[in-house]
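Q: got a predicted structure plus its sequence, pasted below:
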Amino acid sequence: MASIRIRLDGVSKRFDHTVKGEVYAVRDVSLAVEHGELLTLLGPSGCGKSTTLRMIAGFEEPDAGTISIDGKDVTHALPNKRGIGFMFQNYALFPHLSVFENVAYGLRVQGRDETDLAKAVGEVLELVGLASYGRQQPHQLSGGEQQRVALARAVVFQPKVLLFDEPLSNLDAKLRVEMREQIRSLQKRIGITTVYVTHDQEEAMAISDRIAVMEGGVVVQDGTAFDLYYRPKTEFVARFVGRTNLLAGRVVSADEVEVEGLRIALATGRAAGDALRLVVRPEMIEIAPAPSGESARARIVQRTFLGEKTDYQVMLGSTTLQVSATDHYRRPPMEAGQPVAVRFHPEGIHVLG
Ligand SMILES: Nc1ncnc2c1ncn2[C@@H]1O[C@H](COP(=O)(O)OP(=O)(O)OP(=O)(O)O)[C@@H](O)[C@H]1O
Ligand SMILES: [Mg+2]
């Protein structure tokens with residue numbers, strides 16, 4: 001298909017491990033990234049994200065499978081023949097060179113003429129909001145500004161593809177949020193196809209068009225953040241993307257399921273009596289003070305007030321529920337120990353296959 005920029009087909013990579021022998025870092029990964037799309041590889045430490053990215057870049061060679069860019073097989077091509085820009089976690093700037101020279105460095109190595117070079121560097125510094133910083137030295141910049149210089153350095157070549165490996169991990173939390181918004185807006189503005197690696201699910205959800213979740217060298221699901229949140233295919237994805245309740249339920253009838261004795265209006269297409277697992281996000285459960293006189297089956301175990309929302313842990317029968325409420329501006333928060341009535345909102349509830 002013409003709109004595909006990067007394609008991985010059955011890509012695998014094994015490494016020698018001193019204890020375990022040969023291990024697969026990446027196993028049979030197939031992915032397609034469209035023109036202008038930002039795809040994130042998301043997963044826990046050691047799941048094969050960096051290895052996948054390094055194979056796209058050409059720093060590692062796959063043991064099996066093919067990688068193509070714009071329909072051209074680059075599986076064994078040298079990194080500098082792939083038209084790719086990178087930004088890695090340790091993006092160290094040259095400390096003795098000015099901002100301008102840091103960004104210009106690669107173009108100089110290429111032997112680009114001076115006017116052309118000055119124009120290209122000026123344009124990208126403008127793009128990252130550092131137009132007047134050319135003569136500053138790296139030590140005169142804040143962490144976020146240094147990061148933007150590294151970003152400018154990655155895009156100054158006008159690469160076809162941009163690769164990021166945990167580029168924000170050494171910034172503080174506030175700056176991380178600011179920088180991910182900058183990367184996203186720059187990526188959209190110049191429409192550059194991007195593969196981004198992170199283990200931070202919130203960062204992945206904020207920045208991506210599409211997310212590929214990896215576990216043990218395998219892509220277990222790829223889709224939009226919305227898909228992954230509301231329709232996770234596995235327990236791993238459900239737990240890794242967002243907070244979740246994974247509840248054991250039983251089909252009561254064609255349009256009813258029961259969890260801990262509570263009926264939920266949910267059509268599952270399963271036979272009555274079938275056991276199933278439900279993915280219920282914390283905001284799909286509502287709690288209210290239990291009506292007095294009734295013996296409540298649920299009780300608040302813990303309450304964490306976070307301002308825009310309150311997280312509760314609620315014990316329902318023998319199940320602990322994660323519940324979040326956002327409406328305490330109009331009703332007082334409930335207390336730990338308080339008996340409550342629990343109601344499930346069936347609309348968002350997902351049945352695991
Ligand atoms: N050069 C290497 N030699 C041997 N094993 C390696 C090598 N590079 C990676 N591995 C192994 O391959 C697996 C995947 O590593 P990779 O760096 O791709 O993980 P990752 O998802 O990027 O993790 P992190 O989030 O910690 O950066 C790990 O088990 C790792 O130990
Ligand atoms: Mg890594």
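A: Looks like it arrived, so ask away. Only a predicted model underlies this, so the values are computations on that prediction, with no experimental measurement involved. Ligands and ions are numbered 1, 2, ... in the order given.
Q: in the stretch 151-300 of the chain, which spans are strands?
A: Under the criterion DSSP state E, counting those that start in this stretch, the stretch 151-300 of the chain contains strands at 161-165, 193-198, 210-215, 218-223, 245-253, 256-259, 262-264, 275-280, 285-289, 298-305.
Q: got the ones you listed as a markdown table, with mean pLDDT and distance to ligand 1 columns?
A: Heads up, the C-betas are built off the backbone N, CA and C, glycines and all. Formatted as a markdown table, these follow (pLDDT from 0 to 100; distance: least, Cβ to the nearest ligand atom, whole Å):
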| stretch | mean pLDDT | distance to ligand 1 |
| --- | --- | --- |
| strand 161-165 | 94 | 7 |
| strand 193-198 | 97 | 7 |
| strand 210-215 | 98 | 7 |
| strand 218-223 | 97 | 12 |
| strand 245-253 | 96 | 24 |
| strand 256-259 | 95 | 35 |
| strand 262-264 | 93 | 37 |
| strand 275-280 | 96 | 24 |
| strand 285-289 | 94 | 32 |
| strand 298-305 | 95 | 28 |
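Q: quick one, what contacts the closest residue to ligand 1 within the stretch 51-200 of the chain?
A: In the stretch 51-200 of the chain, the residue that lies nearest ligand 1 is Thr51 (3.3 Å; Cβ to the nearest ligand atom). If you count contacts by Cβ atoms under 8 Å, 6 or more residues apart in numbering, Thr51 has them with Lys13, Ala25, Val26, Glu60.
Q: Met284 too?
A: Phe344, His345, Glu347, Gly348, Ile349.
Q: quick check: which of the strands of the stretch 151-300 of the chain is buried the most?
A: strand 193-198 (a mean of 26; mean count of other Cβ atoms under 10 Å).
Q: surely Ser324 and Val314 touch.
A: No. Contact criterion Cβ atoms under 8 Å: Ser324 and Val314 do not qualify, at 10.8 Å.
Q: which of these two has more neighbours?
A: Taking neighbours as other Cβ atoms under 10 Å, Ser324 and Val314 compare with Val314 leading, 22 against 18.
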